[in-house]
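In: Sequence and predicted structure are below.
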Amino acid sequence: MTTPRWNTAILVSLVMCAGAPLAGGQNQKSGAFERAESLACGVRIHNSDIRPEGENKLKVSVRNLRAADVTINSLEVILSPSYYLPSFGNGPIEDAYGGLVNLETKGTLDPGDPEPSLAISAQGTETFTIDLSSLKWGQFKSSQVPSHGLKSVPPGKYTLYVSIMTSGNATEHISNRIAVQLER
């Protein structure tokens with residue numbers, strides 16, 4: 001009778017040892033270990049019901065966690081279709097819509113405009129507001145520069161988040177995700 005317990009104990013310890021590297025920040029798809037985050041990005045919205053004709057203020061806060069200055073090269077607001085409840089799951093990225101933000105004016109980044117950067121001092125925080133209705137939107141699967149208003153995004157449930165690219169090692173940072181409903 002001791003043999004089944006022994007086999008179960010070995011099996012449990014092997015599973016625990018095999019799973020331990022994945023819990024320590026290893027990417028499950030590539031197996032590569034990810035670096036520690038150098039930025040903390042958070043987003044908040046007053047009303048999760050978004051109307052293309054109204055003001056839809058998104059508050060963005062970016063905190064530099066490093067002891068050195070960091071430069072943000074791009075900031076994109078993403079609306080990813082949410083097919084399940086709760087709507088914190090992502091649909092395929094090609095079905096998502098993106099709106100590029102001008103880091104100088106905090107408005108839309110028009111095609112052809114130079115992309116300004118935003119420097120954040122060591123341990124510093126930048127907080128600003130973006131009006132989602134003022135951004136130009138485009139669907140990722142179209143591979144075109146975002147050029148349409150918020151009306152071009154179909155109504156429905158979405159997961160809203162921000163993607164930030166920093167200079168140097170071209171690292172992408174993702175904010176928290178918010179469930180929103182796009183109305184007509």
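Out: That came through, no problem. Residues are numbered from 1 along each chain as shown.
In: Tell me the spacing between the spatially most central residue of the chain and residue 83.
Out: Closest to where the C-alpha atoms of the chain average out (Cα atoms, centre = their mean) is residue 174, at 3.3 Å. Noted for residue 174: a distance of 19 Å to residue 83, by Cβ to Cβ, to the nearest Å. (C-beta placed from N, C-alpha, C; glycine too.)
In: for residue 170, same thing?
Out: Residue 170 is 31 Å from residue 83, where distance means Cβ to Cβ.
In: more crowded one of these two?
Out: Higher neighbour count among residue 170 and residue 83: residue 83, with 13 against 8, using other Cβ atoms under 10 Å.
In: three-state assignment of the more buried one?
Out: coil (DSSP: H, G, I helix; E, B strand; the rest coil).
In: pLDDT value on the residue nearest to the centre of the chain, please?
Out: Note for residue 174: predicted pLDDT of 92.
In: I'd say residue 58 and residue 161 touch.
Out: No. Under the criterion of Cβ atoms under 8 Å, residue 58 makes no contact with residue 161, lying 10.2 Å away.
In: Overlap in contacts, these two.
Out: With contacts taken as Cβ atoms under 8 Å, 6 or more residues apart in numbering, residue 58 and residue 161 have 43, 77 as neighbours in common.
In: ok, the two, which is more surrounded?
Out: Legend: neighbour count by other Cβ under 10 Å for residue 58 and residue 161, higher for residue 58 (23 against 20).
In: Show me the contact partners of the one helix or strand that one maps to.
Out: Here residue 58, judged by DSSP states H and E, is contained in strand 57-64. Strand 57-64 is contacted from outside by 38-46, 70, 72, 75, 77, 118, 120-132, 160, 162, 164, 175, using Cβ under 8 Å, 6+ apart.
In: Strands of this structure, start to end?
Out: Ranges of strands in the chain, per DSSP state E, are 39-45, 49-50, 57-64, 70-81, 97-101, 118-120, 125-131, 137-139, 156-166, 172-174, 178-182.
In: CSV for these, including distance to residue 111?
Out: Below are the strands of the chain laid out as CSV (distance: least, Cβ to Cβ, whole Å):
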stretch, distance to residue 111
strand 39-45, 24
strand 49-50, 23
strand 57-64, 22
strand 70-81, 14
strand 97-101, 9
strand 118-120, 20
strand 125-131, 18
strand 137-139, 10
strand 156-166, 18
strand 172-174, 21
strand 178-182, 23
